[in-house]
Structures are given as structure tokens and as C-alpha cells.
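sequence first, then the predicted structure, then my questions.
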Amino acid sequence: MAERSELWGLTAVPGIRVGHATDPVGLTGCTVVLCEEGAVGGVDQRGGAPGTRETDLLHPMHLVEKVHAVLLTGGSAFGLAAADGVMRYLEERGVGFDTAVAKVPIVPAAVIFDLNLGDPKARPDAAMGYAACQAASDGPVPEGNVGAGTGASAGKLLGVARAMKTGLGTAAVRMQDGLVVAALMVVNPLGNVVDPQTGQILAGVRPPDADFPADALSILRFLHEQGILRPFPAHNTVIGVVATNARLAKEQVNKVAQMAQDGIARAVRPAHTMFDGDTLFALATGEKPADVNVVGAFAAEAVAQAIVRAARAAESAGGLPAWRDLFGKSEAMR
């Protein structure tokens, strides 16, 4: 049997710490996932408009196997500068890939585009990346409008003004034998966020004549049939980290990242468009023997649930309403 641990989220995996740095005025921020002892890393990138750093080294047949942190950040490509602060934090502690002349921290990163909400000049930098590391802990992970989820939104088919506020969410699945599979997601898609268990739209595009979100595919059909479908701005993406205490090879960790993308497809409609930069990192700390198929299956489940939590935990900001504003706080985190 498996039990979802909604209290701990990604930090339910031993050896994983999570920290946020948040700019609530500029509506941006960054989130760092620290694994200072090293974790076998992998990645799967499916959206058509990614913003990433150090993803090639995560693929099989490349030299480096273990990473020491993953950075998720706002600020579009500008936000990748926050990784410099994460590297400085790790270097000060002697953490990194030993090159004989220096230890080089391995810090893959991915961004969301949040410049269209809040102050477009407010962007995570090296100081913010360092601060996120200083704030990192292995306790419960704050969710909603924090870290890289501060400026996130969903449902931009009709422009950001008709979107809804989303944020950051996390969830974990724990097996009776101690195997843990968890996810932390930053949710900023072109499409809607949908609860896969109920079919309810939690955040998404709001038609001009309504305050509540409507079905994104129905709107796409209408725009297409009316001949008014226009190119959408590449201002969207869903990024995240799945982590497990399983003992997996690098090829297997990349397979887990691939399987985990199914969680995005379950909870975001439409997903993986040319205007999204959907990117998932995977980390395996190597504590428990486990079958890669089991880990991958529950990684997808954890991703879907983390996306749902990101929508339910978000609060209104930047003029955009959130789920809890429409349906109430008690319903939001039910």
C-alpha cells in the first residue's frame, strides 16, 4: 500500500532540503532543492519553449552522475543568474564535483516566465539564490505564492489578464517498506490546472463574461472554428523536481523523469505545448532498492498531486484571482 504524505512533500525524501527566496512586491522568486551528499540526476524536457541550465550533463552517456542542487526560478532566462548564488553557497561548504583543482557544484536549473505579473524588472539574482540556500530545511515545505511560484499563473489562452493565480506545490508517496517518491512543482502553464480525480478546473482561462475558469479545450475549439486563433506568447511553463530514496542508475533516473511527465499531462490541459517549457528533473539518493517502473509510476502521481496543491494553495496577486478566492480557503486545501 502507498500513503501520500502531504505534510512533508519533497523533504519526505531523506537528504533533501528545500529553501525559498520570495519577492512579494516584484512577484518573483526562486526555490532551491539541496542534496549536498549528491544524488543521481536525470531530466526530461517536453515543452517547446524551455529556459534551462546544465541539463545536457544529466543525460546518459555523459560523465557527471550526481548533482548537488536543483534551482527552480522565476525571471525567465534572467533568473538563471540565481544559480551562481547556489554554487557559491555549495562551494563555501566544500560541496561539488572533484576536478582535482577545485570542487565544482553541479546545479541544473529551469525557469518560468513571470515577467508579465508584477514588476518585469524584478528578477532573481545570485543573492536570492544564496538566500534560498540559507533558508533551506528538511521540514514541511511552504506552498503557494512562495519561491519560484510567486509569480506563477495558469490559463493564458486569452492573455494574462484572463488567467488565474497559481504557485508552488509539493506531494509525496510513502511505501510501507520506506520507499519514498515525491515531487515539487512550479505551475505556470498556458493551459488549465485540473484535478485529475474529479475533473474540476482549479485554475485557468476565464472568459471575458465570467469570473470562473472555463474549459481550455472548448475555448481552443471555438477560436479555431472562428478562424481567430492567434499565436500565443511563450510565457508559460511547468517545472519541477521529483525525488526518491531509491537506488537507481543514471539511465533509470532519466526514465523516472520521463514517466513523471505523465503527471503534468493528467493535471494540465493542454500540456507540453510549443508555448510551454515543461521541464522535470529527477533525483535518486540511493538508499532503497526499488523497481524503476514503480518509482516512475508514483512519480507521475506525486507530480499530478503537487500541481493540484499548487493551484489550491495559491493566493490572489497581480490582479489575478486564485482558487481559494473563488471557493474559500477550507475548500482550497481540502
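Nice, thanks for sending it over. All values derive from a computational prediction rather than experimental measurement. Numbers count the residues shown, from 1 in each chain.

identify the residues contacting the nearest residue to residue 54 once chain neighbours are set aside.
Leaving aside its sequence neighbours, residue 54 sits nearest to residue 108 (CB to CB, 6 or more residues apart in numbering; 4.2 Å). Heads up, the C-betas are built off the backbone N, CA and C, glycines and all. Residues near residue 108 by CB atoms under 8 Å, 6 or more residues apart in numbering: 41, 43, 52-55, 57-58, 67, 70-71, 281.

what is the most widely separated pair among those residues?
57 and 71 (14.5 Å; CB to CB).

who has more neighbours out of these two?
Taking other CB atoms under 10 Å, residue 57 and residue 71 do not tie; residue 71 has more neighbours (32 against 15).

which residues pair with that one across the strands?
With DSSP bridges as the criterion, residue 71 is bridged to residue 32, residue 109.

thinking it is in contact with residue 30, fair?
Yes - using CB atoms under 8 Å, residue 71 is in contact with residue 30, at 6.3 Å.

CA atoms only: put the host helix or strand of residue 173 into CSV for me.
Taking DSSP states H and E as the criterion, residue 173 maps to strand 168-175. Provided in CSV are the C-alpha atoms of strand 168-175 (Å, rounded to 0.1, in the frame of the first residue of the first chain):
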residue,chain,number,x,y,z
LEU,A,168,4.2,26.1,-6.0
GLY,A,169,3.0,22.7,-4.6
THR,A,170,4.5,19.5,-3.3
ALA,A,171,3.4,16.0,-2.5
ALA,A,172,4.9,12.6,-1.6
VAL,A,173,4.0,9.0,-1.7
ARG,A,174,5.5,6.7,1.0
MET,A,175,5.6,2.9,0.9
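
name the helices or strands packed onto the very next helix or strand once past it?
Using DSSP H and E, the next helix or strand after strand 168-175 towards the C-terminus is strand 180-188. Under the contact criterion of 3 or more CB pairs under 8 Å, 6 or more residues apart in numbering; DSSP states H and E, strand 180-188 touches strand 28-45, strand 153-154, strand 168-175, strand 237-247, helix 292-313.

quick one: strand 180-188 to strand 168-175, angle?
Angle, strand 180-188 to strand 168-175, by axes from the mean of the first three to the mean of the last three CA atoms, to 10 degrees: 160 degrees.

strand 180-188 pairs with which strands, and in what direction?
Short version: by DSSP bridges, strand 180-188 pairs with strand 168-175 (antiparallel), strand 237-247 (antiparallel).

among those, which is nearest residue 256?
strand 237-247 (6.4 Å).

what is the rounded mean pLDDT of the next helix-or-strand element following that closest one?
Helices and strands here follow DSSP H and E; after strand 237-247, the next one along the chain is helix 250-267. Mean pLDDT, computed over helix 250-267, is 96.

now the angle from helix 250-267 to helix 292-313?
40 degrees.

and the next helix or strand after helix 250-267, how far from the chain's centre?
Downstream of helix 250-267, the next assigned helix or strand under DSSP H and E is strand 268-269. In this view, strand 268-269 has its centroid 14 Å away from the chain centroid, taken as CA atoms, centre = their mean, to the nearest Å.

please state the offset of the strand or helix carrying residue 86 from the chain centre?
In this structure, residue 86 sits in helix 82-92 according to DSSP H and E. Distance of helix 82-92 from its chain centroid, counting by CA atoms, centre = their mean, is 20 Å.

repeat that for stretch 111-122.
Centroid separation between stretch 111-122 and its chain, computed with CA atoms, centre = their mean, is 16 Å.

with stretch 131-139 instead?
Computed by CA atoms, centre = their mean, the separation of stretch 131-139 from the middle of its chain amounts to 17 Å.

re the thing from before, and the strands paired with strand 180-188 as JSON lines, adding mean pLDDT and mean neighbour count?
As requested, the strands paired with strand 180-188 are arranged in JSON lines below (pLDDT from 0 to 100; neighbours: other CB atoms under 10 Å):
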{"stretch": "strand 168-175", "mean pLDDT": "96", "mean neighbour count": "26"}
{"stretch": "strand 237-247", "mean pLDDT": "96", "mean neighbour count": "30"}
